[in-house]
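Colleague: got a sequence here, can you model it:
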Amino acid sequence: MATEIERTFLLRNDSWRAQADAGTPYRQGYLCSDPQRCVRVRVSGERAWLNIKKATSALRRLEYDYPIPFADAIELLDELCPDQRIDKTRYHVDHAGHRWEIDVFEGANAGLVVAEIELDDEQEAFARPAWLGEEVSDDPRYYNMNLARTPYTQW
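Modeller: The predicted model follows:
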């Protein structure tokens, strides 16, 4: 069983870009989502995955990720979740022994940029980069599954 412990933050500015990698585009859609669980399909380049998550606390989720055929993923996105999708580019920034994932959203979520950090424990200490802003881990509007349903530009 895989466990994900993740905290999410808004950003103060774009200074993170000086340390970021080239970024990877993602397109993902939600086959099933409710406040406690979701099933999504995600594509990046020519790779695709089916992902299942179940919340066990505000920060902790059970997470299962399975590679699937790319053609199947495209069909799932187009046929089963055309209205519940998000597009984003994910960048990575290493800072003080942790890897940050910074998602720059596109389309109906354009203008939203969040930073996520995965931790080994909910109480784990970490250094906050100067570009890090307000924590939104406990605000469900920022969950990707909710952004697919109610985009940032519609808040």
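Colleague: pretty sure Ala108 contacts Pro151?
Modeller: Yes. Using Cβ atoms under 8 Å as the test, Ala108 is close enough to Pro151 to be in contact (3.4 Å). Any C-beta I mention is one placed from the backbone N, CA and C, and that applies to glycine too.
Colleague: which neighbours do the two share?
Modeller: Common contacts of Ala108 and Pro151 (Cβ atoms under 8 Å, 6 or more residues apart in numbering): none found.
Colleague: was I right about Gln19 contacting Val93?
Modeller: Yes. With contact defined as Cβ under 8 Å, Gln19 counts as touching Val93 (4.9 Å).
Colleague: more neighbours, those two?
Modeller: When neighbours are counted by other Cβ atoms under 10 Å, Gln19 and Val93 differ, and Val93 comes out ahead with 18 against 15.
Colleague: quick one: secondary structure of that one?
Modeller: Counting by DSSP: H, G, I helix; E, B strand; the rest coil, the backbone at Val93 sits in strand.
Colleague: cool, and Glu116?
Modeller: Looking at Glu116 with three-state DSSP, the answer is strand.
Colleague: quick one, helices of the chain?
Modeller: Counting by DSSP state H, residue ranges of the helices within the chain are 70-80, 144-149.
Colleague: of all these, which one is nearest Ile52?
Modeller: helix 144-149 (11.7 Å; Cβ to Cβ).
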